[in-house]
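> I need the structure of the sequence given here:
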Amino acid sequence: MAAGRAAVFGASETLYACNTYQFTDYSRYDMTIFTEEEKRAHRDAHFETDLANARALGKRWSKRLPVRNKRMNFLWVFIGGGIGSVLRYAVGLCIGAAAFPWATLAVNAGGSLAIGLFDE
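Residues are numbered from 1 along each chain as shown. Purely as a prediction, here's the structure:
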């Protein structure tokens with residue numbers, strides 16, 4: 001399973017952060033499995049380690065990214081944004097007004113597909 005996923009999406013890593021502190025006010029919820037004090041104690045004991053692990057994972061991921069010319073990236077984003085805005089407007093005129101922005105969805109999905117196909 002992992003080999004198939006890696007072939008499609010590339011290499012991946014998993015970061016586990018268990019027993020997380022999920023609410024700011026536990027008094028609003030009926031929790032019988034755990035208490036707010038247990039969650040807070042676990043967070044206080046493990047948060048710094050989880051944060052350090054997340055930072056280390058981010059650093060490893062950023063080292064894997066290819067180095068690209070930032071000016072060219074800016075140029076491509078500028079061109080793609082311009083083309084996308086014109087296409088969204090044109091498709092919107094063709095399909096008419098709707099409660100849901102179908103034109104935006106269609107053009108953005110197509111643009112994402114194009115980026116995926118043509119990206120290096």
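
> now the helix or strand encompassing residue 72: how far from the chain's centre is it?
Element membership for residue 72 (DSSP states H and E) is helix 70-95. Mean C-alpha position of helix 70-95 versus that of the full chain (CA atoms, centre = their mean, to the nearest Å) differs by 21 Å.

> return the set of buried residues in that helix.
Using 16 or more other CB atoms under 10 Å as the test for burial, helix 70-95 gives 84, 87-88, 91-92. Any C-beta I mention is one placed from the backbone N, CA and C, and that applies to glycine too.

> just send the residues you listed back as CSV, with pLDDT and distance to residue 61 too.
Listed next are those as CSV, based on pLDDT from 0 to 100; distance: CB to CB, whole Å:
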residue, pLDDT, distance to residue 61
84, 90, 27
87, 91, 32
88, 89, 31
91, 88, 35
92, 85, 37
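
> out of these, which is nearest to residue 59?
Closest approach to residue 59 among the buried residues of helix 70-95 (CB to CB): residue 84, at 32.1 Å.

> surely that closest one meets residue 106?
No: at 11.0 Å, residue 84 and residue 106 do not qualify as touching, with contact defined as CB atoms under 8 Å.

> hmm, back to that, output the buried residues of helix 70-95 as CSV; include the columns distance to residue 33.
Formatted as CSV, the buried residues of helix 70-95 follow (distance: CB to CB, whole Å):
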residue, distance to residue 33
84, 47
87, 50
88, 47
91, 49
92, 49
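
> look up how far residue 13 lies from the most centrally placed residue in the chain.
Central residue of the chain (CA atoms, centre = their mean): residue 58, 13.1 Å from the mean position. Distance of residue 58 to residue 13, computed by CB to CB, to the nearest Å: 11 Å.

> can you check residue 33 too?
Distance of residue 33 to residue 13, computed by CB to CB: 29 Å.

> ok, residue 78 next?
Separation of residue 78 from residue 13 (CB to CB) stands at 33 Å.
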